[in-house]
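S.K.: Any chance you can model this:
(one chain, ligands or ions: 3)
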Amino acid sequence: MSNRNYSQEELASALASMGVTDQTDVSRYGSGHINDTFKVETARGVRYILQRVNTDIFPPDTLKSNVMRVTAHLKAKGIRSLEVVGYENPWRLYAFLEGYKSVDLVTNPAEAELAAGAFAKFQNDLADLPEPRLGDIIPKFHDTVDRLRQLDEAAAADVKGRKSSVAAELAFIDARREEAAKIVTMMAEGEIPERITHNDTKINNVMLAGDGTNVVIDLDTTMPGSALYDFGDMVRTSTAAAAEDEKDLSKVYSKKEYFEALVKGYLAQAKFLTETEKSLLAFSGRLITLTIGIRFLADYLAGDTYFRTAYEDHNLVRCRTQLKMVESMEAQAEEYEAIVRKYAG
Ligand code: ADP
Ligand code: GN1
Ligand code: MG
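M.R.: Ligands and ions are numbered 1, 2, ... in the order given. The predicted structure is shown next:
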């Protein structure tokens, strides 16, 4: 968790190291949970995004190498991506994407369809990235079995004495342990192919413009993975009827019409998917949402050291929305499977 304040001197020195000295305003920006992000205004009228990479989470050198390779590859193919203006670990400077916006919540099916197409195209665009293999930025990132192990460890240590207050959440997760190994096992056995994937396809990691163009951002977890996790995380965030930290759970559910838009947008672009992958698209939404719920709960029990939080129980509130989303997807499982079959042909 990085809630720390930065002095103007510290920010100015980071900017100067990347060649910018005419800033007129540097202020916190966006709602990412991991890095420290700032919008920079300059006397020239040119704007930037300044970020301090969270080096407790990311290995800085491997991260820089991955981001530089991915952005250069996309640029060489004429695809709009993040433009790296400077990169001096742990700081980096991106050109501000003028005319684009990111949203934390989808408000119409067209937005979901667009985002799904954007992430599918991103996978396609990176499929021919030359060797060597991209670095595994966070090993076992979406490995639900390993995330359960981390939850168990955090619950056993119970450093904040919070375990007794989360018995219902732990029981909900316990009841679903059997499903946890499915995708990791199939990948290990070669039944699901490894691809270069984004791994953090939440809706605020794609910038949208009014004319339907878009740019995939937050490339920090782009590494070898499964397309299913990318699709699953879209289901988690882009079908949600309410915010990830909505406290009123009656407002939290997965919207079928947004799911349909996602499937339509994704399958129109993701021509590379195998039949096995297609057959697991609906399941992947439930699995990744459960996995993120497990991660929020583990962080809550461990004392909020990973995700940025704004108040005491923030991670618990987030965990509860994820589990409610899982419940909602489970209740609609047959309809969701039918939607996938309709578009998968
Ligand atoms: P985090 O890893 O913490 O999620 P992100 O890289 O996703 O950080 O950035 C956080 C937010 O900042 C994004 O959701 C987006 O709204 C905004 N943002 C990031 N990069 C740019 C950019 N190049 N231009 C405009 N806005 C950006
Ligand atoms: C984090 O960086 P951000 O806010 O886009 C997290 C994702 C989670 C997400 C939950 C590197 O994403 O894995 O799904 O929060 N990123 C990392 O909202 O752990
Ligand atoms: Mg982000």
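S.K.: Only C-alpha atoms from now on, for both contacts and neighbour counts.
M.R.: Fine.
S.K.: Distance of the closest residue in space to T21 that isn't next to it in sequence relative to I34?
M.R.: For T21, ignoring the flanking residues on the chain, the nearest one in space by CA to CA, 6 or more residues apart in numbering is L15 at 6.7 Å. The gap separating L15 from I34 is 20 Å, by CA to CA, to the nearest Å.
S.K.: Likewise for E275?
M.R.: Counting by CA to CA, the gap from E275 to I34 is 35 Å.
S.K.: next one: P132
M.R.: Distance of P132 to I34, given as CA to CA: 27 Å.
S.K.: What residues does the stretch 101-250 of the chain have near ligand 1?
M.R.: 102, 204-205, 218 (CA under 6 Å from any ligand atom).
S.K.: For the residue nearest to T21, list the residues it contacts.
M.R.: By CA atoms under 8 Å, 6 or more residues apart in numbering, the contact list for L15 reads 21, 50, 93.
S.K.: Show me these that map onto helices.
M.R.: Within those, no residue falls in helices by DSSP state H.
S.K.: What about the residue in the stretch 1-150 of the chain that ligand 1 sits nearest to, how many residues nearby?
M.R.: Nearest to ligand 1, among the residues of the stretch 1-150 of the chain, is G32, at 3.1 Å (CA to the nearest ligand atom). For G32, the count of nearby residues is 14 (other CA atoms under 10 Å).
S.K.: tell me the SS of it?
M.R.: Under DSSP: H, G, I helix; E, B strand; the rest coil, G32 falls in the coil class.
S.K.: quick one: average pLDDT of the biggest helix by length in the chain?
M.R.: Counting by DSSP H, the longest helix found in the chain is helix 281-301. Average pLDDT, helix 281-301: 98.
S.K.: Now the element after it, going C-ward?
M.R.: Later in the chain than helix 281-301, the nearest helix or strand by DSSP states H and E is helix 314-331.
S.K.: Neighbour count: E275 and I34, which is higher?
M.R.: Using other CA under 10 Å, the more surrounded residue of E275 and I34 is I34, with 19 against 10.
S.K.: separation between that one and S165?
M.R.: To S165, I34 is 26 Å away according to CA to CA.
S.K.: okay, now A118: neighbour count?
M.R.: A118 has 24 nearby residues by other CA under 10 Å.
S.K.: Doesn't it lie inside a strand?
M.R.: No. Remark: A118 does not belong to a strand; assigned using three-state DSSP, it is helix.
S.K.: and stretch 55-67, what's its mean pLDDT?
M.R.: 98.
S.K.: buried set for that stretch?
M.R.: Going by neighbour count (16 or more other CA atoms under 10 Å), the buried part of stretch 55-67 is 58-60, 63-64, 66-67.
S.K.: how about the residues you listed in JSON lines, adding distance to A338?
M.R.: Compiled in JSON lines, the buried residues of stretch 55-67 are given as follows (distance: CA to CA, whole Å):
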{"residue": "F58", "distance to A338": "39"}
{"residue": "P59", "distance to A338": "41"}
{"residue": "P60", "distance to A338": "43"}
{"residue": "L63", "distance to A338": "39"}
{"residue": "K64", "distance to A338": "42"}
{"residue": "N66", "distance to A338": "38"}
{"residue": "V67", "distance to A338": "38"}
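S.K.: Just name the closest of these to ligand 2, please.
M.R.: Taking CA to the nearest ligand atom as the measure, ligand 2 lies nearest F58 of the buried residues of stretch 55-67, at 7.7 Å.
S.K.: what residues are up against the spatially closest residue to the closest one that is not a sequence neighbour?
M.R.: Excluding the flanking residues, the one nearest F58 by CA to CA, 6+ apart is I137, at 6.5 Å. By CA under 8 Å, 6+ apart, I137 lies in contact with 58-59, 62-63, 220-221, 223.
S.K.: possible to save those as JSON lines with secondary structure and distance to F38?
M.R.: Below are these laid out as JSON lines (DSSP: H, G, I helix; E, B strand; the rest coil; distance: CA to CA, whole Å):
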{"residue": "F58", "secondary structure": "coil", "distance to F38": "19"}
{"residue": "P59", "secondary structure": "coil", "distance to F38": "21"}
{"residue": "T62", "secondary structure": "helix", "distance to F38": "23"}
{"residue": "L63", "secondary structure": "helix", "distance to F38": "19"}
{"residue": "D220", "secondary structure": "helix", "distance to F38": "17"}
{"residue": "T221", "secondary structure": "helix", "distance to F38": "20"}
{"residue": "M223", "secondary structure": "strand", "distance to F38": "25"}
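S.K.: Could I get the residues you listed in TSV, plus columns for distance to ligand 2?
M.R.: Formatted as TSV, those follow (distance: CA to the nearest ligand atom, whole Å):
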residue	distance to ligand 2
F58	8
P59	11
T62	14
L63	11
D220	7
T221	6
M223	12
